[in-house]
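[1] make a model of this:
(chains A and B)
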Amino acid sequence: MNKKKKLILQILLLLIILLFIISQQQLFFTWESAYRHVERYIHFGPATELHTVDNPEGRYIIAAYDVWIAVFHLDQRYGLFYTPRSMLGDLNVKKDDNIAFETVHYYFADNEMHYVLWAYAKDPDTSLEVKRSDGSTVMMEPFGENIYFAHWPSEDQVSTVAIDPIVIRGYDGSGELIQEKEFE
Amino acid sequence: MQTKDPEINDFIKELLREIRFFPAKKEIEQEYSDHLEDKIRDLIIEERMTREEALFITLEEMGDPREIGKALNEVHNPFLGWALLVSRGLLIVFGAFALHLLISFSSELLFHSTRDIGIEEDLVISEIPIDREIEMDATTYYFDRAVIQNNGEAFILIETLSYTRPPRIRGLFFTSVQDNLGNTYYDLTIPYRSRIFRKDLVLPLKNIAEEAEFLTLEFDRYNRAFEINLPLPERRDPYE
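    Numbers count the residues shown, from 1 in each chain, chains lettered A, B, ... in the order given. Purely as a prediction, here's the structure:
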């Protein structure tokens, strides 16, 4: 076998092996396909992706399906692929509250804990702020008409299931406080 | 490889100067060194020449080392050489990793893991066939049967088959599991056996009320809903 034929054969073999690895390792070339994969096995959706936010290990996907807004986490692997990790939680926006929100704390591979908070406000003019335990304030990023998202690394580190106490305040268009909730 | 004759060394050095694909140089050096030595030995034995004469004739017959080097350089094309070398390296690395995956994959097929789910045969009073298949997205849940024990425990056995590639099956989270008296029970299934593309789940229930006549397993989440009603047998005291 001459060298060219040998090279072609080796490359073909390599491609077959790579395809096998990609399929077995749940690696996807786009975050959309990774997201759809999670959706299928957790029986959610098909949802509309509202927003994506990069995080230290990959990306958060905020997706809406019927009365639910859910946040998913996808990992970026080997710089080229996305792999589904988990659904962080869902928020049912059909509640009577003016503001509905959901918060989770989430550990990355390096044990760094992050808070992820997402909310829905009936009035699109609402602004939402989060007061953290250290006194700092985070304004939630609005997107779409009335959906908000915020995430930040926690002061608390693992070893305890400590939850950074936070207060969420919602203000209407004129700046009046319309809702306040404290988490402990 | 160094030979004892500086003329042969010089000849090979000249020849190798023309080769651009350096990983091939060692092989060529060895090959030509052996070839020249063999030829010299043949001339000494067959033609009864002295070593100096045989060496002179051999090098004369070989011709210009640079010309030979140029011809060999064509054969050992650096692009092809590197491409072959790199692809071979990648094949070894990725091949080993794929083999590792394949072994775990086939071991799951051949020696599927089974976890003891705690059914105590002597306490079983009834096995109620459910035989209901529920399809949700890419997964089929086959509700096989319920094993009822007379100590108030029951096990609902569910087989799953996933069509996603790679298959990924999460346990079922029922919205509610309750009996006709309104008592609620544990609502999360636990995987107990893995098979290729499949995973078997069990919903273990404890402290089922003696007066309960049937159980209702309800799943209603994200617009997917189903309900399974399960009649419960009358319980007898195992020590009666």
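
[2] list the helices and strands the longest helix that chain B contains packs on?
    When chain B is parsed with DSSP state H, its longest helix is helix B:78-110. Here helix B:78-110 touches helix A:3-24, strand B:190-195, going by 3 or more Cβ pairs under 8 Å, 6 or more residues apart in numbering or on different chains; DSSP states H and E. (Each C-beta comes from the backbone N, C-alpha and C, glycine too.)

[3] the bottom helix or strand of chain A by mean pLDDT?
    Within chain A, confidence by mean pLDDT, DSSP states H and E is lowest for strand A:99-107 among all helices and strands, at a mean of 79.

[4] which outside residues touch that strand?
    A:71, A:73, A:88-93, A:113-122, A:126, A:128, A:148, A:154, A:158, A:163-164, A:166, A:168, A:170, A:178-179, A:181, A:183 (Cβ atoms under 8 Å, 6 or more residues apart in numbering or on different chains).

[5] for that strand, which strands pair with it and how are they oriented?
    Each strand that pairs with strand A:99-107, with its direction, by DSSP bridges: strand A:113-121 (antiparallel).

[6] what's the first helix or strand after the strand it pairs with?
    Next along the chain after strand A:113-121, taking DSSP states H and E as the criterion, comes strand A:127-131.

[7] any idea which residue sits dead centre in the chain?
    Answering for chain A, as no chain was given. The centre of chain A sits closest to A:Tyr60, judged by Cα atoms, centre = their mean, with a distance of 2.6 Å.

[8] let's do chain B instead
    Most central in chain B (Cα atoms, centre = their mean) works out to B:Leu101, at 1.3 Å.

[9] how close does the closest residue to that one other than its chain neighbours get to B:Ser106?
    Distance criterion Cβ to Cβ, 6 or more residues apart in numbering or on different chains; nearest residue to B:Leu101, sequence neighbours excluded, is A:Gln24 at 5.0 Å. Using Cβ to Cβ, to the nearest Å, one gets 12 Å for the distance from A:Gln24 to B:Ser106.

[10] more neighbours: these two, which one.
    More neighbours surround A:Gln24 than the other of A:Gln24 and B:Ser106, with 16 against 11 (other Cβ atoms under 10 Å in any protein chain shown).

[11] where do the strands sit along chain B?
    For chain B, applying DSSP state E gives strands covering B:124-136, B:139-149, B:154-162, B:176-179, B:190-195, B:198-205, B:214-221, B:224-231.

[12] how about a markdown table for these, with distance to chain A, mean pLDDT and mean neighbour count added?
    Shown next, in a markdown table, are those (distance: least, Cβ to the nearest Cβ, whole Å; pLDDT from 0 to 100; neighbours: other Cβ atoms under 10 Å in any protein chain shown):
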| stretch | distance to chain A | mean pLDDT | mean neighbour count |
| --- | --- | --- | --- |
| strand B:124-136 | 5 | 93 | 14 |
| strand B:139-149 | 7 | 93 | 20 |
| strand B:154-162 | 7 | 90 | 21 |
| strand B:176-179 | 16 | 94 | 17 |
| strand B:190-195 | 13 | 81 | 16 |
| strand B:198-205 | 11 | 89 | 21 |
| strand B:214-221 | 7 | 93 | 17 |
| strand B:224-231 | 5 | 93 | 14 |
